[in-house]
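Student: Return atomic coordinates for the entry below.
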Amino acid sequence: MSNYSPEAADFAGYQSTFCGYRAGLNARGILRIPQYFRGSRAMFERIQTSIPDVILIQPQVFRDARGFFLETYQADKFAELGIRDTFVQDNHSRSSRHTLRGLHFQFRHAQAKLCRVVRGEVLDVAVDVRRDSPTFGRWVSAVLSDENMRLMYVPVGFAHGFVVLSDEAEFLYKCSDIYDKDGEQGIHWADPDLAIDWQVSQPLLSEKDARNPWLADIPADRLTFQ
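Tutor: Here you go, the predicted structure:
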């Protein structure tokens, strides 16, 4: 069962979560579309971003004196949200403050990703790199943390990266295809054409990420996804 109610949207409470105003966010921030799915105890809420294919998910968290419980993924419920990928690989990283990982994508064995944070806080970023897309070169960002427990869905055809805003963060993500070393591509985090607001001016980078090219310098055949 789903329910859409624009009147129920609390735009003001979510504006600070998104930093992608250059990506075409409206004056009130984001379009928040509640979609609740019953049939078991858990419910998920879809929060639409400025790029329609990138989705934030707010899970229902059950809390009591012992702690909390939540479902973070259920295939049938996520299909109702528009996420129908089959995920085949799970990854887990731990990073210190101001570490920036990205921007990464695969043009071969192209991957959709479902991202969340189990410790700390990050700014998660997705950039549309589909050459035939009306939102090519635009980006959206959201804060993911162990407090808000949100997930971000990054579809095939998007570069992905995140920067750590807390002292330390543990970042988990599901992938819809396997890692392919020869099919991966990076984009430089400070690409001036993208002008991403990372909220960090001097991030900690890997040597590999520091050498990533601008999006404009990536060959066209690497922006076609298989």
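Student: distance from the centroid: which residue in the protein tops it?
Tutor: Computed with CA atoms, centre = their mean, the residue of the chain farthest from its C-alpha average is A65, at 31.2 Å.
Student: beta partners for the residue nearest the centre of the chain?
Tutor: Central residue of the chain (CA atoms, centre = their mean): M152, 3.9 Å from the mean position. Beta-bridge partners of M152, counted by DSSP bridges, are L56, C115.
Student: sorry, back to before: which residues touch the residue farthest from the centre of the chain?
Tutor: Residues near A65 by CB atoms under 8 Å, 6 or more residues apart in numbering: none. C-betas here are computed from N, CA, C, even on glycine.
Student: How about T86: what's its closest non-neighbour residue?
Tutor: S176 (6.3 Å; CB to CB, 6 or more residues apart in numbering).
Student: thinking again about what came up before, and the residue nearest to the centre of the chain, what does it touch?
Tutor: V54, I55, L56, I57, L114, C115, R116, D124, A126, A142, L144.
Student: if you set the cut-off to 6 Å instead, what comes out?
Tutor: Residues near M152 by CB atoms under 6 Å, 6 or more residues apart in numbering: L56, C115, D124, A142.
Student: for A210, same thing?
Tutor: No contacts exist for A210 under CB under 6 Å, 6+ apart.
Student: what ranges do the strands span in this structure?
Tutor: Assigned strands in the chain, in chain order: 44-48, 55-59, 62-64, 67-69, 89-96, 100-106, 113-119, 121-128, 139-145, 151-154, 158-164, 168-175, 184-186 (criterion: DSSP state E).
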